[in-house]
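Trainee: Here is the input, now give the coordinates:
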Amino acid sequence: MNKIELNSLTLKELKKYMISIEEKAFRGEQVFSYFNRNKKLDIEDLKILPEKLRMYLIENTKINKIDIYKVFASKIDNTKKYLFSLDDMNIIESVAMEYNHGLTACISTQVGCKMGCSFCASTKEGLIRNLTPAEMVNQIYMMEKDLGKSISNIVLMGSGEPLDNYDNTMKFIDIIHDEKGHNISLRNITLSTCGVVPRIYDLAKENLPITLSISLHSPFDNDRKKIMPIANRYSIEELIKACKFYSEMTNRRITFEYTLINNVNDRDKDIKELIKILEGLNCHINLIPLNPIQEFEKDRPSRENIERVQARLSKSNIAVTIRREMGGDISASCGQLRRTVTQSNDNKRF
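Mentor: Numbers count the residues shown, from 1 in each chain. Alright, predicted model coming up:
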């Protein structure tokens, strides 16, 4: 029988668990704060608990821990890339980026990814497994302890598709937001998805004031299918319909990630159609110049062409920015560094 993973439980679940083992509910709050406010994991050192309870938890539950495997610091900005080793010897990665508005963490939600986007390094080995809520929150806590700073913004945009690991992702958000723990504002959390349409509806019904970010990358179904297999399942029409539902339910602006690929999705007809399909939707477009990878033989557009696309969208009254590139000298983009390391260490292990 698998032991319950104690630091993957929400505050409500921990209280319920304590009651189930004939303890007072407040013991659950003590354990929750120990994990998520104090960022500690050794139950034996939680002396506020009676010794009998500590021994019971040590013997009957599991505490999920991750370790820093390697840290890479950029020499061109304050970006840091972290590789973490998990209990099963898999590797995941996270990035800490410093902006004027605070410290942002980009974290992973899965080991690998099954979505198969052609220009993304994190999907090339497929999906290995989902991360637990504890493995997600511990990416935050390990980076904070290493940096000696508090993370104020979280982006679920590392390796993996958050909506493909829906339940654990929702629990992660609950845990990291709880005032008894990290207490981060929901408005400071961004969830990025390639467009799992049914889950966008589910997320809308959660009515969380987080930011939803959609990886779009083409306004044409046929072209999108070539670079994003998810488009074979859900059409752009279905995706935009779901986005409108989300926006209406949450009253939140949606971000569309648009990776610019030279002569693939940056042509005049692409931008014209993009403007058309987004008409009337409260949204923002984040233009991302392609980060070339070995397995995707396409080029990034020239700076002149990138700025031309930005100007065209702006002229059509669509909010648009060009993503500032961070940590370019340490392979800070999604999946690049982890894949380099795993390939040199027996493909998936170290």
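
Trainee: residue closest to the middle of the protein?
Mentor: Centroid-nearest residue in the chain, with C-alpha atoms, centre = their mean: residue 156, separated by 1.5 Å.

Trainee: Now do the contacts for that residue.
Mentor: Each residue near residue 156 by C-beta atoms under 8 Å, 6 or more residues apart in numbering is listed here: 107, 109, 162, 169, 189-192. C-beta: built from backbone N, CA, C; applies to glycine.

Trainee: would you turn these into TSV with secondary structure?
Mentor: Converted to TSV, the contacts of residue 156 look like this (DSSP: H, G, I helix; E, B strand; the rest coil):
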residue	secondary structure
107	strand
109	coil
162	helix
169	helix
189	strand
190	strand
191	strand
192	strand
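
Trainee: neighbours of the closest residue to residue 110 other than its chain neighbours, just the number please.
Mentor: Residue nearest to residue 110 in three dimensions, not counting chain neighbours: residue 160, with 2.8 Å by C-beta to C-beta, 6 or more residues apart in numbering. As a burial measure, residue 160 scores 31 neighbours (other C-beta atoms under 10 Å).

Trainee: Would you confirm that residue 160 contacts residue 114?
Mentor: No - at 9.0 Å, residue 160 does not count as touching residue 114 under the criterion of C-beta atoms under 8 Å.

Trainee: intersection of neighbour lists for these two?
Mentor: Contacts common to residue 160 and residue 114, judged by C-beta under 8 Å, 6+ apart, are residue 127.

Trainee: Might you report the residue contacts of the residue lying closest to residue 257 once chain neighbours are set aside?
Mentor: Taking C-beta to C-beta, 6+ apart, and ignoring the residues beside it in sequence, residue 257 has residue 215 as its nearest neighbour in space, at 4.7 Å. Residues counted as contacts of residue 215 (C-beta under 8 Å, 6+ apart) are 117, 192-195, 228, 257, 259.

Trainee: can we see that at 10 Å?
Mentor: By C-beta atoms under 10 Å, 6 or more residues apart in numbering, the residues touching residue 215 are 115, 117, 120, 157, 161, 192-195, 224, 227-228, 230, 255-259, 286, 288.

Trainee: out of those residues, which are buried?
Mentor: Buried members of the contacts of residue 215, scored by 16 or more other C-beta atoms under 10 Å, are 115, 117, 120, 157, 161, 192-195, 224, 227-228, 230, 255-259, 286, 288.

Trainee: Could I get the contacting residues of the residue of the chain most remote from its centre?
Mentor: For the chain, the largest distance from the centre (C-alpha atoms, centre = their mean) belongs to residue 52, which lies 38.3 Å off. Residue 52 sits next to residue 23 when contact means C-beta under 10 Å, 6+ apart.

Trainee: repeat for residue 194
Mentor: 113, 115-117, 120, 123, 161-164, 214-217, 228-231, 234, 239, 257 are the contacts of residue 194 under C-beta under 10 Å, 6+ apart.

Trainee: Sort out for me which of these are in helices.
Mentor: When the contacts of residue 194 are checked against helices (DSSP state H), the matches are residue 239.

Trainee: in stretch 248-257, what counts as buried?
Mentor: Neighbour-count burial for stretch 248-257 flags 250, 252, 254-257 (criterion: 16+ other C-beta under 10 Å).

Trainee: just to revisit the earlier point, and the pLDDT for the residue nearest to residue 257?
Mentor: At residue 215, the predicted lDDT confidence score is 95.

Trainee: Residue 1 too?
Mentor: 69.
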